[in-house]
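> With the input below, show me the fold.
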Amino acid sequence: MFYLTGFHLTSAHINRLAKLTRMAPWPGTEKPLLNPHNMQKLPLNTAVLSKSPSEQDLQQILSLSPTAVIDVNALDSSIQEFLQKLDAIKNKNKLGFLLTCPVIYACNVAQNITHTLQQFIILPSEQQESIHFALHESIVNGLIHGNLQINSSMRQSARDFIEYARLLHDRLNDPSYAQKSISVIATWNAKKLEIKIRDEGAGYGTTTNPIRHSSTMQHKTGRGIRIIAGAADSCTIEDFGREITLSFLLQDHPIQK
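Numbers count the residues shown, from 1 in each chain. Next up is the predicted model:
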């Protein structure tokens with residue numbers, strides 16, 4: 001596991017993550033220069049995003065095929081839970097992301113994750129599009145309706161859109177909302193790719209029992225789940241809608257490295 005310090009991190013940020021994960025930062029608490037040459041020298045395991053990563057920063061980090069990417073602004077409890085889930089996955093190929101609301105809003109996270117998966121798995125172009133689409137819809141729903149708690153019914157008129165934009169801006173700049181994160185954990189074998197997307201919103205529904213849908217389901221449940229399920233081979237909703245599990249069947253021998 002390693003930490004990529006980035007431009008905006010301080011020694012305090014790095015030491016905090018080192019304490020949470022009980023691992024020493026690499027190469028130390030001094031910030032290394034973030035450029036492609038130095039990044040290629042880093043161990044390929046876990047990257048920590050800077051406070052305000054650009055789209056280019058994110059693409060550079062993901063081009064190294066890390067095992068996980070962690071946003072330093074996530075809550076301590078979120079980071080610990082995320083790492084525990086990664087550790088709990090034994091003997092599997094895995095890729096994890098823990099990103100807060102401003103990073104998700106600013107960057108095309110779904111596209112970058114899909115491109116990173118392509119470095120590990122052979123994905124036909126049509127399946128790449130399906131994974132990207134399902135990821136995008138799941139992440140956006142988790143961001144807007146989950147973590148930021150903005151109701152989609154607000155966008156019914158021009159006046160609603162103005163209020164929607166104001167509320168979105170306010171909540172992205174309110175730490176009580178902005179520090180909430182979305183985790184994406186992908187695992188795969190020769191037959192199947194499974195992606196779990198989890199937000200930290202209030203959730204919905206009246207039961208803790210999993211809701212399972214096929215891509216041909218005829219009814220709508222939750223936050224746009226019919227659209228999401230239609231792009232995957234299977235879709236499961238758990239914990240009052242906070243967690244979505246997408247499954248995609250793979251061709252034989254999909255693993256590239």
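> and the residue nearest to the spatial centre of the chain, which of the three is it?
With distances taken as Cα atoms, centre = their mean, V184 lies nearest the centre of the chain, 3.7 Å away. Assigned with DSSP: H, G, I helix; E, B strand; the rest coil, V184 falls in the strand class.
> got the contact list for it?
Under the criterion of Cβ atoms under 8 Å, 6 or more residues apart in numbering, the contact list for V184 reads G96, F97, L99, V109, I113, L135, I139, I195, K196, I197. Glycine gets a C-beta too; all of them are placed from N, C-alpha and C.
> The residues you listed in strands, which ones?
The strands, defined by DSSP state E, take in G96, F97, L99, I195, K196, I197 from these.
> What about the fourth one, how many residues nearby?
Under the neighbour criterion other Cβ atoms under 10 Å, I195 is assigned a count of 23.
> my guess is it meets E243, correct?
No - look at I195 against E243 with Cβ atoms under 8 Å: they stay out of range, at 11.0 Å.
> which residues are in contact with both of these two?
Joint contacts of I195 and E243 (Cβ under 8 Å, 6+ apart) do not exist.
> what's the pLDDT at the residue nearest to the centre of the chain?
On pLDDT, V184 comes in at 96.
> what separates it from I131, distance-wise?
Remark: distance between V184 and I131 (Cβ to Cβ, to the nearest Å) = 11 Å.
> Ok, Q59 next?
From Q59 across to I131, the span is 18 Å (Cβ to Cβ).
> more crowded one of those two?
More crowded of Q59 and I131, by other Cβ under 10 Å: I131, with 24 against 16.
> gap between that one and L172?
26 Å.
> repeat for I185
From I185 to L172 the distance is 24 Å (Cβ to Cβ).
> quick revisit: shared neighbours of V184 and I131, anything?
Common neighbours of V184 and I131 (Cβ under 8 Å, 6+ apart) are I195.
> list the helices and strands the lengthiest helix in the chain packs on?
For the chain, the helix with the greatest residue count under DSSP state H is helix 125-141. Under the contact criterion of 3 or more Cβ pairs under 8 Å, 6 or more residues apart in numbering; DSSP states H and E, helix 125-141 touches helix 109-118, strand 181-188, strand 192-198, helix 225-230, strand 243-249.
> List the buried residues for the last one?
Same thing as strand 243-249. Across strand 243-249, burial judged by 16 or more other Cβ atoms under 10 Å covers E243, I244, T245, L246, F248.
> for the shortest one, same thing?
Along helix 225-230, these residues count as buried under the neighbour rule (16+ other Cβ under 10 Å): I225, I228, A229, G230.
> Also stretch 144-160?
I144, H145, G146, N147, L148, I150, M154.
> Pull out the buried positions in stretch 103-114.
Buried, per 16+ other Cβ under 10 Å, within stretch 103-114: V103, I104, Y105, C107, N108, V109, A110, N112, I113, T114.
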